[in-house]
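Chemist: just a sequence and a predicted model for now, questions to come.
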Amino acid sequence: MAKYKETIDLYDDAGKLLKSGVPLDKISPVVNPATRKLIDLTKRTIAVNLGGVQENLKIGKVAKGQVLGRELNLDILGNKDAIIAKIKDMVQVTEGDDTNIREFNGGKLILVEAPKARLEAASTYDAAITAVASAATYAIVEQFDVGMFDAAMVKAALWGSYPHTMDLSGANVASVLSIPQNNEGLGYALRNIPVNHMVMMTGKNAMEGAALASTFEQAGMFEMGNAIGPFERAHLLTYAYQGLNANNLVYDLVKANGASGTVGTVVQSLVERAIEDKIITPGKKSGYFQFYDTKDPMLWNAYAAAGTMAATMVNCGAGRFAQAVSSTLLYFNDLLEHETGLPGCDYGRVMGVAVGFSFFSHSIYGGGGPGIFNGNHVVTRHAAGVAIPCVVAAAALDAGTQMFSPESTSKVYGETYGKVDVFNKPIQQIAQGV
C-alpha cells in the first residue's frame, strides 16, 4: 500500500514522459532500487589511475612532491591485465562475489567495485578505498618484484601523502566520497561531493547533473534524520519537482523562458502555473498588493524549488556562466516572496545560503568558484538539499568562466563514474526503478 496518496509523472531531460502515476514514496532513496544502487556504488566504487602511477613513478613524483633519484621505470600498463587480476584477487572476499573491475582509456583508468561484504564488516565506507589502495600497491610491488627500499615509492604514488595528511592528498586512487573526518556533522557524507564531480559524471548535462545532485542531497536528508515523520513528504516533493522534473515542471518553465526570459519572467511563469494547478489561490488584498494562500506549504515549497532550478538554468544558461547562480538563488526567491507573500524556496534558507555563497565563491573573498562547493560546506549546508542541485546545473551550463573548471578538478570522475548508467543518467534509471 502506498504511503502517500498523491502521484507524480516523471519526465526526462528532453521533456519526454518516462512514467506516469508514480506514487510519491516510490522515488524515496530508501525505496527506489536505482537510487539504492547509486548510493551503494558511491560507497563501494574506487577509481585507480594506473597510467598516473606509471608516469609519476617514472619521474619520482609521489604525493605532492618529487623525490629525485628515486625514480622507478615500471611498465604498469604493459602488465595491466596481471595487475588488475591481482587487485581483484586481493579485494574480493570470496570467489565470484560482487567485486567488479571496469577498464577505461585502454586500462589507464580502472574502476574497482569493492564487495559489499567489506563494507558490511566495517563501521564506515573507508573500507572500500583502503582495500583498493592497499591491493593496488601490493599488486604492483609483487608484479615487478619491487624491493623493500623502493616499495614506499609505490605506496606513496597510490596513497598520496597519507598518513602524513589526514586524507589521501596527491593519491592516484579516488572515491567520489570525501573521508569521514571531513564530514562536518552526522549524515553529511553524501552531501560532501563537490559540484564539479557531479558535472563531469553527468557529461555536463544540466538536468541530469541536477538530478544526481538532488539524489545525493536528499539521500543525505534521510541519512541525517531530516526526512522523518511529516518532513519525509516535504523532502520527497522537493526531490521530485526540482531534481526529477516531476510533471515536467522544470522543463516547461525553462522552455517558456529560455529564448528571451529573465529571472523575473520565471517568477511570473511559476506563479501562473501554481495558480493553474491550484497550489496557491488569491488571498487578501492590501492596497495594490495581492497576497496568495496555500493549503499545502510543502507542495508550494516544491514548486518554489523547481522555479529556482528553472531560473538558474535560464539565467546561467543565457550567460553561460556559473557565477550568477548565487544571485539567482537569492533574487528569484526574493521576487517570489514579494510577488506572492508566501515563503521562498526552503522557507527562506535558500536566500540565506545565497548571500554567503556569493561572498565566498567569487566576491571580495573570492576563495574559488561555485564548482568546488558542496552541500557539506559551511556556506551551503543550510538549504535542505535544494541549493546544490542548482549550482550543479549552473556549472554544467558554464562555458569556462570558473577559476577551477570541472575538467581541471574532476576529469577522472567523468572518465570513470561517468561511464556508469546510474551516475550518468539518473533520471532515466530512477524512473525505471519505480
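Modeler: Received it, and whenever you're ready, just let me know what you need.
Chemist: okay, CA-based contacts and neighbour counts for the rest of this
Modeler: OK.
Chemist: quick one: Lys284 is in a helix?
Modeler: No: counting by DSSP: H, G, I helix; E, B strand; the rest coil, Lys284 is not part of a helix but strand.
Chemist: OK, contacts around the nearest residue to it once chain neighbours are set aside?
Modeler: Excluding its sequence neighbours, the residue lying closest to Lys284 (C-alpha to C-alpha, 6 or more residues apart in numbering) is Phe291, at 5.5 Å. Applying C-alpha atoms under 8 Å, 6 or more residues apart in numbering, we find Phe291 in contact with 282-285, 339-342.
Chemist: in JSON lines: these, plus neighbour count and distance to Ala127.
Modeler: Below are the contacts of Phe291 laid out as JSON lines (neighbours: other C-alpha atoms under 10 Å; distance: C-alpha to C-alpha, whole Å):
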{"residue": "Pro282", "neighbour count": "12", "distance to Ala127": "55"}
{"residue": "Gly283", "neighbour count": "13", "distance to Ala127": "56"}
{"residue": "Lys284", "neighbour count": "11", "distance to Ala127": "58"}
{"residue": "Lys285", "neighbour count": "10", "distance to Ala127": "60"}
{"residue": "Glu339", "neighbour count": "16", "distance to Ala127": "51"}
{"residue": "Thr340", "neighbour count": "20", "distance to Ala127": "50"}
{"residue": "Gly341", "neighbour count": "15", "distance to Ala127": "50"}
{"residue": "Leu342", "neighbour count": "20", "distance to Ala127": "47"}
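Chemist: so which helix or strand of the protein has the lowest pLDDT on average?
Modeler: helix 349-362 (a mean of 89; mean pLDDT, DSSP states H and E).
Chemist: now do the buried residues in that helix.
Modeler: 349-355, 357-358, 360-362 (16 or more other C-alpha atoms under 10 Å).
Chemist: what is the nearest of these to Ala151?
Modeler: Ser361 (41.1 Å; C-alpha to C-alpha).
Chemist: next, count neighbours for the nearest residue to the closest one once chain neighbours are set aside.
Modeler: In space, and not counting its chain neighbours, Ser361 is closest to Gly369: 4.7 Å by C-alpha to C-alpha, 6+ apart. Neighbour count of Gly369, defined by other C-alpha atoms under 10 Å: 21.
Chemist: do Leu335 as well
Modeler: Neighbours around Leu335, by other C-alpha under 10 Å: 16.
Chemist: that one in helix, strand or coil?
Modeler: helix.
Chemist: tell me where the stretch 101-250 of the chain has helices.
Modeler: 116-120, 126-143, 151-159, 195-201, 206-223, 231-238, 249-257 (DSSP state H, counting those that start in this stretch).
Chemist: other SSEs contacting the fifth one?
Modeler: So that's helix 206-223. Judged by 3 or more C-alpha pairs under 8 Å, 6 or more residues apart in numbering; DSSP states H and E, helix 206-223 is in contact with helix 195-201, helix 231-238, helix 388-397, helix 426-432.
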